[in-house]
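Enquirer: okay, predicted coordinates and the sequence, questions at the end:
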Amino acid sequence: MAQRVPDWQDVTGSSVLIPNRPKGIIHFLGGAFVATAPKYTYRFLLEYLARQGYLVIATPLINTLNHKEMAQESLNRFEQTCDRLYATGQLRQRGLPVYGVGHSLGCKLHLLISSLFSVKRAGNIFMAYNNYPARRSIPFVDQLSVLTDVEFTPSPEQTQELIASHYGVRRNLLIKFQDDTIDQSLILRPVLEGMFPDWVSFRLLKGTHLTPIAQDIPWEVGQSFSPFDAMAQWVKQGLYRDLNTLTREVAFWLDPTTVR
């Protein structure tokens, strides 16, 4: 049974949702530029997961070219938040399963966390995985590269090699959206399946690269129902339908007993 939405808390710099009797912990990392305030940009998705009984720790990201350092900082922040929750008694039960959930750049960071550092994860969820080089990912980077060779650390090729050599999380869910032109899940999928052939799930859902940050925004109709109102309602219904499908797929993978 779904729980009520808990209040957002700021704990050691992370945005946290703590349901009653949590059954697992989700470490969430969002995409480039939209992950600086995940409790706003991913509010619908994260609050839905909290209602399903998961303690959500959403780590804000400051974008840099050094993705290894970003991954380490995200992991350190996550562990500090867990330590504080235990120390204050807000989290009492030890040994809860921990799941990494990422969107776009957040997927790459979770892959690096699980390849470079000693962590225990019950599973990882990758939504709209992206591992493009800096020239395709950052606006105006070509102007910067006139003076220096600008690239992420590790590079896309180095990231693929790290995953193939050191990634250690067996259970994984990859989600690709039908109208996402920058998704690279189809490159990541065979790498993970080669290591864990019976533990990798793949879902192709309706939506775009931005579906995870869509929100159920109320639309107030004016005194007369205009064509603009009709268009707004149609767009809202489509966005909400795709987002609702995503949240239910994620919740069902986490716990197949969840009512869909």
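Expert: Yes, it's here.
Enquirer: only C-alpha atoms for contact and neighbour calcs from this point on.
Expert: Noted.
Enquirer: can you list the weak-confidence ranges in the stretch 101-250 of the chain?
Expert: Where the stretch 101-250 of the chain drops to pLDDT under 70, the residues are 136-149, 215-239.
Enquirer: contacts only, for Gln178.
Expert: Leu204, Leu205, Lys206, Gly207, Thr208 (C-alpha atoms under 8 Å, 6 or more residues apart in numbering).
Enquirer: now do Thr247
Expert: Leu45, Tyr48, Leu49.
Enquirer: from these, pick the one nearest Asn172.
Expert: Leu49 (17.2 Å; C-alpha to C-alpha).
Enquirer: which residue ranges of this structure form strands?
Expert: 8-11, 14-17, 24-29, 54-58, 98-103, 123-127, 172-177, 200-205 (DSSP state E).
Enquirer: and these, which is most packed in?
Expert: Of all these, strand 54-58 carries the top mean neighbour count, a mean of 27, counting by mean count of other C-alpha atoms under 10 Å.
Enquirer: so what touches that one?
Expert: 14-19, 22-29, 38-39, 46, 49-50, 78, 81.
Enquirer: and for stretch 61-70?
Expert: So stretch 61-70 is in contact with 29-30, 32-33, 35-36, 74, 109, 112, 134, 151-154, going by C-alpha under 8 Å, 6+ apart.
Enquirer: compare the contacts of Thr247 and tell me which is most surrounded.
Expert: Leu49 (24 neighbours; other C-alpha atoms under 10 Å).
Enquirer: count the neighbours of the nearest residue to it once chain neighbours are set aside for me.
Expert: Nearest residue to Leu49, sequence neighbours excluded (C-alpha to C-alpha, 6 or more residues apart in numbering): Ala251, at 6.8 Å. Counted with other C-alpha under 10 Å, residues neighbouring Ala251 total 19.
Enquirer: Ala251 contacts Arg51, correct?
Expert: No: look at Ala251 against Arg51 with C-alpha atoms under 8 Å: they stay out of range, at 10.2 Å.
Enquirer: all helices of the stretch 101-250 of the chain, in order?
Expert: Along the stretch 101-250 of the chain, the segments classed as helices by DSSP state H, counting those that start in this stretch run 105-116, 134-137, 141-144, 156-166, 185-195, 227-254.
Enquirer: winner for burial among the ones you listed?
Expert: Highest mean neighbour count among the helices of the stretch 101-250 of the chain (mean count of other C-alpha under 10 Å): helix 105-116, with a mean of 24.
Enquirer: next one: that helix to chain centre, how far?
Expert: The chain centre lies 11 Å from the centre of helix 105-116; the measure is C-alpha atoms, centre = their mean, to the nearest Å.
Enquirer: now do stretch 99-118
Expert: 9 Å.
Enquirer: next, the distance between the ends of it.
Expert: End-to-end span of stretch 99-118 (C-alpha to C-alpha, to the nearest Å): 14 Å.
Enquirer: neighbouring contacts of that stretch?
Expert: 24-32, 67-68, 70-72, 75, 119, 121-131, 159, 162-163, 165-169, 183, 209, 212.
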